[in-house]
Each structure stands twice: as structure tokens, then as C-alpha cells.
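Here you go, sequence then predicted model.
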Amino acid sequence: MKDSNHIATNLIHGGDKVGGDASKALNPPIYMTSTFTFDSIEHADEVMSFGSDDYVYTRGNNPTLRLFEQRMSVLEKGSASIAFASGMAAISSTLLALASPGDTILIHKTLYGSSFTLATQLLPKWGIGSETVDLREIESVKKILAEKQVTAIYFETPVNPDLAIIDIALISRLAHEHGAKVVVDNTFASPYLQNPLTLGADVVLHSTTKYICGHGDALGGVVTTKDEELATTIKFGYMCELGGVMSPFNAWLMIRGLKTLHLRMQQHCSNAMKAALFLENHPKVSKVHYPGLPNHLGHELCSRQTRGYGGIISFEVAGDKTAAIRCIDNFSMAKIAVSLGDCETLVQMPAAMTHRGYDAEHLKEFGLTESMIRLSIGIEDIEDILADIERALEVV
Ligand SMILES: Cc1ncc(COP(=O)(O)O)c(C=O)c1O
């Protein structure tokens, strides 16, 4: 079937060129096989030299993975995708593929904790440097681009956990003037709300563990680009060698999760907007970070570059770390957990949990306070979510 102009249809049918199953099953089979067989050595040679689309070994490709990858290419408006075992597998292979010893990767000052550790501690061991900057401060970005051999700019938008918004089009334009590639982690927005490739980014990636899976039951990652040569390098030069391939079973769960992404995102966004307004007017809350609020620094930019404000809110209680801990411990329906994008509302404390890899100095410098609480707003009834927040704040 031809791909549609409508995302709701593409979430269910997009990119389905793998070929129907002989049984005519509505849903794709899960190809739980490690390897694939050949008719002859000649056939093996043809496939292994990329002379055909047949399969060799699941670490290189598999029909269930291919269907998921093709669907993601349609949804992110790219032409090639690569499925990984986790978001971090996707990020590490991509950054390694883009940078060589002596190069610099420019990162936004705040990233998901493990991404920050990868860029600032692991990559330097292989001679790949990283520069940390606030990508909203354009003069500083220009200065680094002029001074360093920047090979890639890497950021999330909205940013985990402070929901800052970065201008994808502007950063892409500046990067391209200096020959650097732009890699955007689109996990918080999902392809339903934002398509970085259409704004000029070179690579978009996701932790599919989050909204794409949507049910908190599988890890995964995916990279999408329009640059097919780069996709081949990431896949056959890094993913295959480093080994972080997605399991066919998880690919099947991702395909299943995508079918309802639009409905879930609409509910996440609507619930989060109401929760953000509730928190903003609450006397025991000193600050709310949610790009849907008109007074959020990135509100206008987010309104332009995304189709909604997402399901994540961070807020600070009017009090110290002890008050924030008392608040978190007093949630009842929302569970204390890392991860996000699930049907359930989850609550966590970035400084103590997802971002504990940052040292105390950086946490302070980057505004990740000890009293910051991050909520991944679920798709439960909003009245129950608000009642739970109210109950939690009572003890502050
Ligand atoms: C924005 C973002 N990117 C990447 C990751 C890493 O993904 P994974 O846990 O699937 O490796 C996370 C995990 O929380 C995240 O929040």
C-alpha cells in the first residue's frame, strides 16, 4: 500500500513493503530467528555483498526489524532507519560513527544523564572531545563552531529534564555552515509531535523505550536519516560490530505501540497541559517547566516547531530537598520510577535519579535543582492525576 499523507494511517500501515505473510495474518509475524538460510554459496555471496535484500543474520537485519525501520522512516520523513537494543545503543553508535579522534561533539548543557556521561566521559577516552554549551545562546555556539573542529551537534528538544526548547532549524543552519551534522534526540516529542529532519537536522533518534513502545514493557532505540550512506555506516560499520541490535520481539512490540501513538500523545498532551496549569497556580510550587505555558521561555519556539507540548512536566516545590522528597514519597497513583512515556503517570527526581551522573557543580550550574521533580504524565483520567498531585503536595 502507498504511504498516506496522514500520520494516523502511517502509524498503522506506513512503510509496509516487507511483503505480506502467506497466512494472511492481520498482524506481522515475529521472526524469532538468529540466522537465515541460503540456497547455495552463490546465493550467500550475492546477499552478503548487498546484491539482494534477502537476510543473513538478525544482527544485520530481520523482516520484523525491517518493517519497524521502514515505518519509522515514513514517520520521521527520512529514507533509512536502524533499530537498536536501546536508546543508548542508538546514541553511542551514531556519535561514534560521526566522530573520529581529534573531532569535537558539541552538546547542549543538559541531556539525559547517560548521554551526558557518554559525551563527556566515554568518548574522550577515544580522543573524541566534547564541548558543553547552552544551545539557546547563539553567540556562544557560533564561537565554538569557529574555534573547534565540531563534527556533530547533539541535543534533545524538549530537553530532559528541564523542558528547554532548542531551535532545530537555526542550529542546523549554523552547523551546516561549518560542515557539522546535527543529531536530535526526539524521544520527548515522538514523531507525532515533531519531525527534526524536516527542520534541517541530519539524524533523528529515539529511545523507543518511551512513547513509541508506550507501555513500559520493552527497551529499544531507533535512528532515522535521509543520508543513506550515513545510515549504512551506522548500521554496518557500528551497530553490527558493537552488537546493540533490537530483538525481533521488541520490534514487534514497537510496531504494536506505534498503532496508538497518536491517541496516546493527544491524551498525554491534554493531561499534561491541565496538570501544568494546576501546578502553576499551586501555592506550594515555586516553578513549573512546561513548554505549553505561555510564560515558558521556549513557548513561542515550541509552538512553531512542534505540534504539541508533550507529556513531561518538571516542577520545583517551594522548599528544600527534604520537602521535595516528602512530596514524591506521598504520591499514591503515580509510581516513583525512571523512564517516561508510559500509560501510567511516573514521578522521579532528576538530581537523585536520571541525572545523578552529573556532579554537584554541574547540577547547580545547569539549574537541575535538588527540589526539581519530573512528572511523566500518563493517560489516566485527569481528575485522578490532579488529586494525586494535590495529595503529594499537601505534605510540603
Ligand atoms: C531523552 C532520552 N534519550 C535517551 C534515553 C536512553 O534510552 P534507553 O533507556 O532506551 O537506552 C533516555 C532514557 O531515559 C531519554 O530520556
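Done, it's in.

Which helix or which strand is home to the residue lying closest to Ile377 once chain neighbours are set aside?
Leaving aside its sequence neighbours, Ile377 sits nearest to Ala272 (Cβ to Cβ, 6 or more residues apart in numbering; 4.2 Å). From N, CA and C alone the C-beta is placed, and that goes for glycine too. Using DSSP states H and E, Ala272 sits within helix 261-280.

Now do the buried residues in that helix.
Neighbour-count burial for helix 261-280 flags 261-262, 264-265, 267-269, 271-276, 278-280 (criterion: 16 or more other Cβ atoms under 10 Å).

List phi and psi for the residue of the chain found nearest the ligand.
Across the chain, no residue is closer to the ligand than Gly87, which sits at 2.4 Å (Cβ to the nearest ligand atom). Dihedral angles of Gly87 (phi, psi; degrees, to the nearest 10) stand at phi -60, psi -40.

Please tell me how far it sits from Arg59.
Distance, Gly87 to Arg59, using Cβ to Cβ, to the nearest Å: 18 Å.

Which one's more surrounded, those two?
Gly87 (23 against 15; other Cβ atoms under 10 Å).

For the stretch 201-350 of the chain, which segments are assigned as strands?
203-207, 221-225, 285-289, 312-317, 335-336, 346-348 (DSSP state E, counting those that start in this stretch).

Show residues contacting the helix holding Ala272.
For helix 261-280, contacts defined as Cβ atoms under 8 Å, 6 or more residues apart in numbering pick out 7-8, 11, 190-193, 211-212, 214, 285, 288, 290, 292-293, 308-313, 315, 341, 343, 375, 377-380, 382, 385-386, 389-390.

Correct me if wrong: Thr64 contacts Tyr31.
Yes: counting by Cβ atoms under 8 Å, Thr64 does reach Tyr31; the two are 4.9 Å apart.

Quick check: neighbours shared by those two?
The contact lists of Thr64 and Tyr31 share Pro248, where a contact means Cβ under 8 Å, 6+ apart.

So which of those two has more stuff around it?
Thr64 (26 against 19).

Give the phi and psi angles for that one, as a check.
Per degrees, to the nearest 10, the backbone of Thr64 is at phi -70, psi -40.

Report how many residues lie close to the residue nearest to it when sequence neighbours are not counted.
Nearest residue to Thr64, sequence neighbours excluded (Cβ to Cβ, 6+ apart): Pro248, at 4.1 Å. Pro248 is surrounded by 23 other residues when neighbours are defined as other Cβ under 10 Å.

residues contacting Pro248?
Applying Cβ under 8 Å, 6+ apart, the residues contacting Pro248 are 30-33, 58, 62, 64-65.

Now intersect the residues you listed with the strands, please.
Cross-referencing those against strands under DSSP state E gives no overlap.

Compare these and tell me which is most surrounded.
Counting by other Cβ under 10 Å, top hit in those: Leu65 with 29 neighbours.

one step back: mind listing what the residue lying closest to the residue of the chain closest to the ligand once chain neighbours are set aside touches?
Closest residue in space to Gly87, ignoring its immediate chain neighbours: Ser207 at 2.6 Å, by Cβ to Cβ, 6+ apart. Each residue near Ser207 by Cβ under 8 Å, 6+ apart is listed here: 86-88, 90, 112, 185, 187, 220-221.

next one: Met88
Counted by Cβ under 8 Å, 6+ apart, Met88 has contacts 114-115, 118, 207, 221.

do Leu106 as well
130-131, 133, 135, 141, 144-145, 148, 150, 152-154, 180.

Next, format those as TSV and append pLDDT, secondary structure and distance to Asn160.
Output for these, formatted as TSV (pLDDT from 0 to 100; DSSP: H, G, I helix; E, B strand; the rest coil; distance: Cβ to Cβ, whole Å):
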residue	pLDDT	secondary structure	distance to Asn160
Ser130	97	strand	17
Glu131	97	strand	20
Val133	98	strand	17
Leu135	98	coil	14
Val141	98	helix	20
Ile144	98	helix	22
Leu145	98	helix	24
Lys148	95	coil	25
Val150	98	strand	22
Ala152	98	strand	19
Ile153	98	strand	17
Tyr154	98	strand	13
Ala180	98	coil	22
